[in-house]
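Engineer: structure here, sequence nowhere to be found:
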Ligand code: ATP
């Protein structure tokens, strides 16, 4: 179980940020009594595609949308560290930087279970899991069974998994990993981009404060 942590880190492309991201962050802050959740938008990948569902908005736009979307929540903040660093964004670098800044205090990295199962292919997964606690949130349509079944294979032996399969302890570092059941909002950025490309409404899928800016950017049409 995750205890005593104060800061959450929520990485993502946020292309664009939507209600699913915001609600997930809010529920993790609540569940773990965190003081803050820091959104960390990734830099643009080197080969970005333009137009339609696959297009990626410029990093400065994605960052501005995150900033505007979270501005009324005192527990939310944004950090442009990955965008400022440029190049490919690696979570291991971001977490190393944060842990230096916070004199070793371990943050809680917040991640949806769809992204979590892919973590075996991230850079230095065996290091990442020693740098932070992990709050793994449920996300439809994926259903989360026991962590024993879906902890990335390359790190599975590094963990001691609780009998109920809902939490685990990183043996070497003592970091915790916990599954957090959140309200199911089947919203994705790719679905929003598809709707925009087709000229359909995206109202209520993302905050009203950024809807016009996202629509008028023309990035996804
Ligand atoms: P795309 O559809 O382009 O893949 P996305 O909607 O999955 O984008 P990302 O920016 O890739 O958004 O996701 C960042 C993080 O937010 C990931 O950990 C992902 O699992 C989580 N997340 C995104 N949407 C939801 C949602 N609706 N509910 C819970 N978690 C979510």
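Structural biologist: That came through fine. Because the structure is predicted, anything quoted here is derived from the model rather than measured.

Engineer: confidence score at the spatially closest residue to residue 199 that is not a sequence neighbour?
Structural biologist: Excluding the flanking residues, the one nearest residue 199 by CB to CB, 6 or more residues apart in numbering is residue 221, at 7.8 Å. To be clear about C-beta, it is placed using only N, CA and C from the backbone, and glycine gets the same treatment. For residue 221, the model assigns a pLDDT of 89.

Engineer: residue 221 contacts residue 197, correct?
Structural biologist: Yes. Between residue 221 and residue 197 there is a contact under CB atoms under 8 Å: 5.8 Å.

Engineer: which bits of the chain sit near the ligand?
Structural biologist: Proximity of the chain to the ligand, by CB under 6 Å from any ligand atom, involves residues 12-15, 20-21, 24, 111-112, 114-115, 137, 139, 185, 187-190.

Engineer: what ranges does this protein have for its strands?
Structural biologist: With DSSP state E as the criterion, the chain has strands at 7-12, 36-41, 76-78, 108-112, 133-137, 159-161, 167-170, 176-180.

Engineer: same for the first one, what does it pack against?
Structural biologist: With contacts defined as 3 or more CB pairs under 8 Å, 6 or more residues apart in numbering; DSSP states H and E, the secondary structure elements packing on strand 7-12 are helix 19-32, strand 36-41, helix 91-101, strand 108-112.

Engineer: and residue 154, what does it touch?
Structural biologist: Going by CB atoms under 8 Å, 6 or more residues apart in numbering, residue 154 touches 120, 125, 126.

Engineer: residue contacts, the first one?
Structural biologist: Counting by CB under 8 Å, 6+ apart, residue 120 touches 152, 153, 154, 155.
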